[in-house]
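>>> Kindly return the folded structure for what I paste below:
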Amino acid sequence: MAGIIQLLISDITMSFMWVWSSVLIKIFVHDVLGYHHYDLHAEIIRYSLSIMNMFLFAYLAKVTQGGAYNPLTVLSSAISGSFGKFLFTLGSRIPLQVFGSVMGVRLILLTFPGIGRGPRLTVSLHQGALTEGLLTFTIVLISHALSTKIPGSFFRKTWISSVSKLALHILGSDLTGGCMNPASVMGWAYARGDHITEEHLFVYWLAPVIGTLLAAWTFRYLVRPSKQDKEKKSD
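I've put the predicted structure just below:
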């Protein structure tokens, strides 16, 4: 029971920290260092800090023994687990991750009122949903491969994962924000008051969830054990 409570607290804390981390990186690059938006040096520094930030959160996930800030991360692992784990993820972990993100954004806007209003959809509803779905499908597929099939140290796997996430984020940033994190988007949408709109639910929740499910099932199909492997296990 203590482990479950610790895990839930870790989810809230990491979700809270995640929305703050992206804002603090922008403030550091543009306000502290004084770089203008779309400046090449600003882009390099911001992307470098983003990768370092993802390393930090990967380490926190390891230290907390499974703490997460992204509903899609816990959903993809819950799909292959027991039904009880799946219900626990849907009923407890994901709502608390959303709660942590909402509280984080509310505090951000109280502290920095002019900081911005989060990711916005700049294309049609269907284009946005397709974009978020494909981005999510790709990163979840990579995450499954890193966790089960690709050998390497914690540093190597985290580096591959971080660079992949950053590349996918850049590809989708001008269209949907390249979020791949429904909880984080929910925090900003709740602050704007448009968290129950068709755009938000369809693009930032339904499409990523479908992408996650398809990636998990695709990976399970691609790496299912051969007949020879099954015979070896039975011997």
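
>>> For residue 90, grab the count of nearby residues.
Residue 90: 14 surrounding residues under other CB atoms under 10 Å. C-beta: built from backbone N, CA, C; applies to glycine.

>>> Kindly indicate whether it is helix, strand or coil.
Per DSSP: H, G, I helix; E, B strand; the rest coil, the secondary structure class of residue 90 is helix.

>>> What of residue 34?
coil.

>>> Next, it: phi, psi?
phi 80, psi 20 (degrees, to the nearest 10).

>>> If I look at it, what pLDDT would I see?
Reading off the confidence values, residue 34 has pLDDT 87.

>>> What's the separation between it and residue 95?
Note on residue 34: its distance to residue 95, by CB to CB, to the nearest Å, is 40 Å.

>>> more crowded one of those two?
Higher neighbour count among residue 34 and residue 95: residue 95, with 16 against 9, using other CB under 10 Å.

>>> Extract the C-alpha trace of the helix or strand where the more buried one lies and format it as CSV.
Using DSSP states H and E, residue 95 falls within helix 94-111. Taking Å, rounded to 0.1, in the frame of the first residue of the first chain, the C-alpha atoms of helix 94-111 are listed here in CSV:
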residue,chain,number,x,y,z
ILE,A,94,-3.8,9.3,-15.1
PRO,A,95,-6.3,11.5,-13.2
LEU,A,96,-3.5,12.4,-10.7
GLN,A,97,-1.1,13.2,-13.5
VAL,A,98,-3.7,15.6,-15.0
PHE,A,99,-4.2,17.1,-11.5
GLY,A,100,-0.5,17.7,-11.1
SER,A,101,-0.3,19.4,-14.5
VAL,A,102,-3.3,21.6,-13.8
MET,A,103,-1.9,22.7,-10.5
GLY,A,104,1.5,23.4,-12.1
VAL,A,105,0.0,25.5,-14.8
ARG,A,106,-2.2,27.5,-12.4
LEU,A,107,0.9,28.3,-10.3
ILE,A,108,2.8,29.3,-13.5
LEU,A,109,0.2,31.7,-14.6
LEU,A,110,0.0,33.2,-11.1
THR,A,111,3.8,33.6,-11.0
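
>>> list the buried ones in the helix or strand following it?
Next helix or strand after helix 94-111 toward the C-terminus (DSSP H and E): helix 125-148. Within helix 125-148, the residues scored as buried using 16 or more other CB atoms under 10 Å are 128-146.

>>> from the chain's centre, how far out does helix 125-148 sit?
Chain-centre distance of helix 125-148: 10 Å, with CA atoms, centre = their mean, to the nearest Å.

>>> What's the mean pLDDT across it?
93.

>>> Kindly report the same for stretch 212-220.
Mean predicted confidence for stretch 212-220 is 91.

>>> Now do that stretch: everything it contacts.
72, 75, 76, 79, 80, 136, 137, 138, 140, 141, 144, 145 (CB atoms under 8 Å, 6 or more residues apart in numbering).
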